[in-house]
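Q: Quick one, fold the following:
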Amino acid sequence: MGFIDEYVRARDEKSSVLCVGLDPALPDQRRSDVIKKQYPGDLGDVLMQFSMEVVDSVQENCCAVKINSQYMLFALSYNKLESLNQLIHSYGLLSILDHKLGDIGSTNDSAFYWAQKCGFDAITFSPYAGNIREATDMAHHRELGIIVLDLMSNPEAEGFQKKTRFNQTPLFVRVAEDVKSARSDGVVVGATSHIREVDIQKIRKSVGDDTIMLFPGVGSQGGDAKKILQNAGKNIIINVGRNIIYNDNPGRAAQQYNERMQVR
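A: You can find the predicted model right below:
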């Protein structure tokens, strides 16, 4: 069963398109949105215990968990990542490694190998080396889904991904077209204000109905879930991170977001 089929199963079983983003920051990393609870052990143990508690709390109200590699991979061992993914899968959820990989083929394939070995179901991928098709074939050979960055939530993306032209075609549209041609599993599209309804519609038209659209930016970045639900079709994943995982009651926060995101 491919990643898109696994997504449909999880979405339908959980009646949810919510993805909870695990971006756990330690108290000395920044001033706000940090792990407040004290945990025993080393830094990897702290991240692991916090993450497992979040997964336990939210699992009834989401279809996936997105693990941000920039917060996790430097501190967690292979065994810890495998154990975390086993917990995620025990609840019938998908696990996405948000790694934004983008390199030559042999290096990409090494990342795909280890992502699959650790138990991830899919990985995010940056397309700007121009090797979407090669990377998709490699990921699928490893039985790993691949979700390609298309139009990101940060404001700088508007100047680069929307205004840059490739043979008169906006770069984000060209990436979406290549995703469809390569049979990649999904695209990452932000939910923030510079991404308009017409942009979402263009991407959906370019990638086709089955391709998953993963939307970060709802929650602390102020993104609009309503425009996603009205314009992106059925195969969507809406990610919320900080507003859930740092809430005093992550389970209740996930439930509230999930109720707002019911696909009409």
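
Q: can I assume residue 10 is in contact with residue 64?
A: Yes: look at residue 10 against residue 64 with Cβ atoms under 8 Å: they come within range, at 6.5 Å. For glycine as for every other residue, the C-beta is placed from the backbone atoms N, C-alpha and C.

Q: shared neighbours of these two, anything?
A: Common contact partners of residue 10 and residue 64 (Cβ atoms under 8 Å, 6 or more residues apart in numbering): 93-94.

Q: Any stretches of the protein with poor pLDDT?
A: 220, 263-264 (pLDDT under 70).

Q: Tell me which stretches of it form helices.
A: All helices of the chain, identified by DSSP state H, fall at 3-14, 43-58, 69-72, 78-90, 105-117, 132-141, 156-157, 171-182, 197-207, 225-231, 242-245, 250-260.

Q: Just the buried residues of the first one, please?
A: Pointing back at helix 3-14 there. Neighbour-count burial for helix 3-14, counted by 16 or more other Cβ atoms under 10 Å, picks out 3-4, 6-8, 10-11, 14.

Q: cool, the second one as well?
A: Neighbour counts using 16+ other Cβ under 10 Å place 44, 46-51, 54-55, 57-58 of helix 43-58 among the buried residues.

Q: Need the contact partners of it.
A: The contact list for helix 43-58 (Cβ under 8 Å, 6+ apart) reads 20, 22, 24, 26, 35, 37, 39, 41, 65, 67, 71-72, 75-77, 80, 83-84, 87-88, 91, 93, 244-245, 249-251, 254.

Q: now swap in the third one and tell me
A: Judged by Cβ under 8 Å, 6+ apart, the contacts made with helix 69-72 from elsewhere in the structure are 22-25, 47, 51, 81, 97-100.

Q: residue nearest the centroid of this structure?
A: residue 66 (4.9 Å; Cα atoms, centre = their mean).

Q: Show me what that residue bridges to in the sheet.
A: On the basis of DSSP bridges, residue 66 is bridged to residue 21, residue 96.

Q: ok, now which ones touch residue 219?
A: By Cβ under 8 Å, 6+ apart, residue 219 lies in contact with 240-244, 257.

Q: again with residue 23
A: Taking Cβ under 8 Å, 6+ apart, we find residue 23 in contact with 68, 71, 241-242, 245.

Q: Between which two of the contacts of residue 219 is the distance greatest?
A: The span of the contacts of residue 219, defined through Cβ to Cβ, is set by 242 and 257 at 12.0 Å.

Q: shouldn't the residue nearest to the centre of the chain be in contact with residue 88?
A: No: judged on Cβ under 8 Å, residue 66 makes no contact with residue 88 at a distance of 10.4 Å.

Q: my guess is residue 103 meets residue 127, correct?
A: No: using Cβ under 8 Å as the test, residue 103 is too far from residue 127 to be in contact (11.8 Å).

Q: More neighbours: which of these two?
A: Ranked by neighbour count (other Cβ atoms under 10 Å), residue 103 and residue 127 place residue 127 first, with 21 against 15.

Q: isn't that one right up against residue 148?
A: Yes: using Cβ under 8 Å, residue 127 and residue 148 qualify as a contacting pair, with a distance of 5.2 Å.

Q: what is in contact with these two at once?
A: In contact with both residue 127 and residue 148: 175, 179, using Cβ under 8 Å, 6+ apart.
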